[in-house]
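# This is the structure alone, sequence omitted:
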């Protein structure tokens with residue numbers, strides 16, 4: 001009997017998933033250190049490998065699902081501009097507060113969100129909403145209620161007051 005030298009589809013999926021996690025985590029590491037230092041880059045390779053292995057172990061055991069839709073990622077394009085705009089807003093209000101010109105007052109907001117029915121897609125959308133809404137310095141996500149379809153956020157500076 002002759003053995004097939006082909007890799008089974010499950011193994012290919014595991015390898016592809018591991019490589020995808022490795023690449024994303026390594027790029028994230030490099031972005032976060034924001035400097036090219038060979039020792040740091042090598043450490044990042046090890047950290048990305050550990051993270052990719054952990055992510056694949058969780059996926060393999062079915063402990064957490066994560067199935068994002070590509071069209072959700074389209075909204076990422078506004079994040080850099082939003083970070084710049086909100087940084088200016090927060091810094092201006094901080095200067096006003098320190099100088100005694102005006103008090104800084106934050107606020108809580110409840111925002112309606114449309115969550116998919118599929119639990120894996122829902123988990124992905126919640127994670128992406130949390131990361132995206134918390135990316136810029138003025139606001140961050142406190143909680144997302146799956147049943148009610150709402151997200152509780154906090155704004156350091158109320159943009160309505162500006």
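Nice, I can see it. Only a predicted model underlies this, so the values are computations on that prediction, with no experimental measurement involved.

# show me where this structure has strands.
Taking DSSP state E, the strands of the chain run over residues 107-112, 139-145, 150-155.

# can you put these in CSV and add mean neighbour count, distance to residue 89 and mean pLDDT?
No exception for glycine: its C-beta is placed from N, CA and C like everyone else's. Shown next, in CSV, are these (neighbours: other C-beta atoms under 10 Å; distance: least, C-beta to C-beta, whole Å; pLDDT from 0 to 100):
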stretch, mean neighbour count, distance to residue 89, mean pLDDT
strand 107-112, 12, 14, 94
strand 139-145, 16, 10, 94
strand 150-155, 17, 10, 95
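
# remind me which residues of the chain are low pLDDT?
1-5, 159-162 (pLDDT under 70).

# now the helices: where do they sit in it?
Ranges of helices in the chain, per DSSP state H, are 9-33, 38-61, 79-99, 119-135.

# Out of those helices, which is closest to residue 107?
Residue 107 lies closest to helix 79-99 among the helices of the chain, at 12.6 Å (C-beta to C-beta).

# of the strands of the chain, which approaches residue 94 most closely?
Of these, nearest to residue 94 by C-beta to C-beta is strand 150-155, at 13.9 Å.

# Which strands or helices does that closest one pack on?
strand 107-112, helix 119-135, strand 139-145 (3 or more C-beta pairs under 8 Å, 6 or more residues apart in numbering; DSSP states H and E).

# ok, back up a step: looking at the helices of the chain, spot the one closest to residue 73.
helix 119-135 (7.7 Å).
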